[in-house]
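*Asks:* using only what follows, build the 3D model:
(2 chains)
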Amino acid sequence: MTNMKKMIPTTLLMLAVCMSSFTQGYETLESEYRSNGSLMHGLLERPKQSLSDFSAVIYSGRKEIAYGIVVEETGYVITKASEVTESSDLKLRIGATQYDPVQILATDPAWDVCLLKTDATGLKVVHFADNGQVEQGTWVVTNGATTRRERWPQLGIISANAREIRAEGGAVLGIEIKEEKSGLEIGEIPEKSGAYRAGLRKGDKIIKIADQKITKRDDVAEIMKDRRVGEKITVVYLRKGKQVTAEVELMGRADTFGAQQTRNDTMSGDYSKRRSGFPRVLQHDVQGNRATVGGPLLDLEGRCIGMNIARANRAESFAIPVEELRDVISRMLTQAMKNKADATVAPR
Amino acid sequence: MKTLVLVFFLGLLSLAFAQDPPSDPKRLPVNDKKVPAGVEDMLAIEAALKSVLPAARNATVCLELGQGSGSGVIISADGLILTAAHVAGGVAKDITAILADGRKVKCESLGLNSETDSAMVKILGKGPFPFVEVDKSDRTRLGDWVFSLGHSGGYDKDRGAGVRLGRLVKVADSTSQSDCTLIGGDSGGPLFDMAGRLIGIHSRVGTNLQQNMHVPIREFVRHWDDLVAGKFIGEGPFAEKPKKGTGFLGVGTEDSGDGKIRVTKIGRESVAETAGLKVGDFIVAIDGKKLKDKEVMQKCLKDKAADEKITILLMREGKEKEITLRLGAR
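*Replies:* All right, here's what the predicted structure looks like:
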């Protein structure tokens, strides 16, 4: 199990007595002087300008659900897919202007990024830093709070090694497999699973996975070991005596079947639904909640060094490094253009 | 006009007196500004952090005991670790420390203060180990920039100990508060000043992200010798005091007449069985104290608590043998 260590309960007391320690004489630093106080934010003019230029705010109706990054001046914006794809009545705000309607054009399940499109012209586009090789301890800025006219910065630092975040519980097809006399049969299959979306259903009999014949459940476990989220593997199955081949995109176990919450997960905050299964991330300590994810991670010059992709817990936030982010964006733009072209030439 | 200048001057003087202790050459100049004056000051903080971070991180360890894990920091080449009392869990406990490079070393807890959440742990293996300087002269003040390290959620080699930056936002005698966000697993981990000197140990959090509490180093200094000596201090909430008389060895004995205590029975699955005591062994002494008969031995064991470590001196087939074990629960 890759994430066994996550199961180990870890110590940190969350105590009512913590405030009682300060019952006697103490000194306090006024809030405006604190590391995310108004006086610190006053020093962040350039990042603030960038936020106003190319950080988008995404709404479902009137509710702020995520932030985004403007990638094309004609209204293309990327954001965190799992926070928006199930929402209706999407709207965007860039600077002080609101845009709607908003369409979802493409999704990248491995990175949990999607491409949005709204009608706009002459938008200011994200200004990337040369690279995302930022040393630990480097200041970073994200979009912290939003008003109708303004974006407010939130400050932090890069706080750990850039690395892969393996999917909690591993990458899965998203099926429960029962060993029946007649073979391996699909039991439960959540609708959002990769297998369901590829057409598999309850009662189908699995014959092959990734070109390997399977006869027992352990075979499946062996084949699925060390797989990555977003990877596509072929599944051959029988339905009503007919053999069918499907290509299934793998998802994280927690995303498919629901996450097991540890005490750390519930410690003060509302965290991202999807927060594991990323090929490589930068880790920073900027505070926020699940709705402050999806926007740019900036340096003090206001250049984009990554895209915030998960608020993982009280102390850890993840961002896609700029190198990988550029690839994701160009892939999605290409896919969107192709979809558009296909739609234009499609015979009626 | 003159009086005004004078008043101002006096004001400065009194300010200078308030700044006590007087000089600290390693003090980050930005700390003397209420807020950084501009991006340059922010970059000075960043540069200071980056220069001391590698050494600070090398000395930060993950402490594993039983089911949970916390953090700690090595403060001497021979492996003395400072941590939180609720991480150490008690006196003379077996703990495994995972060093920054992944090496696992055996440790034993020394003393603790259950009222303020401070504790010491000692690595049993041979050093030298990477360590950090402790600011025993207590030079950090309210508003100073500080950074925290810790193995949040347990040891993760690919990630390393996470670093968080903030300011000291509240200072009381036996507790400090910073806006470096902590989470489970960070407990017992180090809080540093911008010169990389240890100034506190992580203890607890409130629901608000700015409520991150640390035990200041002065609290360790106050009880230093007792902590090194392995004393259990106080009756506070951070560690449960072992209860005398709860320890259980699991042997049946008889006085053999010639001033010897003979083992006649070994309880099944008792600690005595696990430690290898045998029927026919003679118990000579416990923890260096000679026992003349069965009654003295029982009295001696009555003073011990469950999980307490004892050393038994035996005579087996005419030869002396020493066995160390932890008592079971009665």
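*Asks:* for chain A, which helix is longest?
*Replies:* Longest helix in chain A by number of residues (criterion: DSSP state H): helix A:322-345.
*Asks:* list the buried residues of it.
*Replies:* For helix A:322-345, a neighbour-count test (16 or more other Cβ atoms under 10 Å in any protein chain shown) marks A:322, A:324-326, A:328-329, A:332-333, A:336 as buried. Every residue, glycine included, has its C-beta placed from N, CA and C.
*Asks:* helix, strand, or coil at B:Leu49?
*Replies:* Assigned by DSSP: H, G, I helix; E, B strand; the rest coil, the conformation of B:Leu49 is helix.
*Asks:* name the nearest residue to it, sequence neighbours excluded.
*Replies:* Closest residue in space to B:Leu49, ignoring its immediate chain neighbours: A:Gly137 at 4.2 Å, by Cβ to Cβ, 6 or more residues apart in numbering or on different chains.
*Asks:* where does the stretch 201-348 of chain A have low pLDDT?
*Replies:* For the stretch 201-348 of chain A, residues meeting the criterion pLDDT under 70 lie at A:259-261, A:266-268, A:345-348.
*Asks:* residues from it in reach of chain B?
*Replies:* Within the stretch 201-348 of chain A, the positions adjacent to chain B are A:262-264, A:267-269, A:283, A:285, A:287, A:300, A:313-316 by Cβ under 8 Å from any Cβ of the partner chain.
*Asks:* let me know the closest of those residues to A:Glu247.
*Replies:* A:Gln283 (32.7 Å; Cβ to Cβ).
*Asks:* and that closest one, how many residues sit next to it?
*Replies:* By the measure other Cβ atoms under 10 Å in any protein chain shown, the count of residues near A:Gln283 is 24.
*Asks:* if I look at it, how far off is A:Asn131?
*Replies:* Applying Cβ to Cβ, to the nearest Å, the value for A:Gln283 to A:Asn131 is 17 Å.
*Asks:* in three-state terms, label the residue nearest to B:Leu49 for me.
*Replies:* A:Gly137 - assigned by three-state DSSP - is coil.
*Asks:* which residues belonging to stretch B:276-289 are considered buried?
*Replies:* For stretch B:276-289, by 16+ other Cβ under 10 Å, it's B:277, B:281-286.
*Asks:* quick check, nearest of these to B:Arg167?
*Replies:* Closest to B:Arg167, out of all of the buried residues of stretch B:276-289 and judged by Cβ to Cβ, is B:Ile286, at 52.3 Å.
*Asks:* and the closest one, what does it touch?
*Replies:* B:297, B:300-301, B:310-313 (Cβ atoms under 8 Å, 6 or more residues apart in numbering or on different chains).
*Asks:* and if you look at A:Lys225?
*Replies:* A:Gly170.
*Asks:* just flag the most distant two among the buried residues of stretch B:276-289.
*Replies:* B:Leu277 and B:Ala285 (14.1 Å).
*Asks:* what's the neighbour count on A:Ala198?
*Replies:* A:Ala198, neighbours per other Cβ under 10 Å, totals 19.
*Asks:* quick check: it touching A:Glu249?
*Replies:* Yes: if you go by Cβ atoms under 8 Å, A:Ala198 and A:Glu249 touch, sitting 7.2 Å apart.
*Asks:* brilliant, that's me finished.
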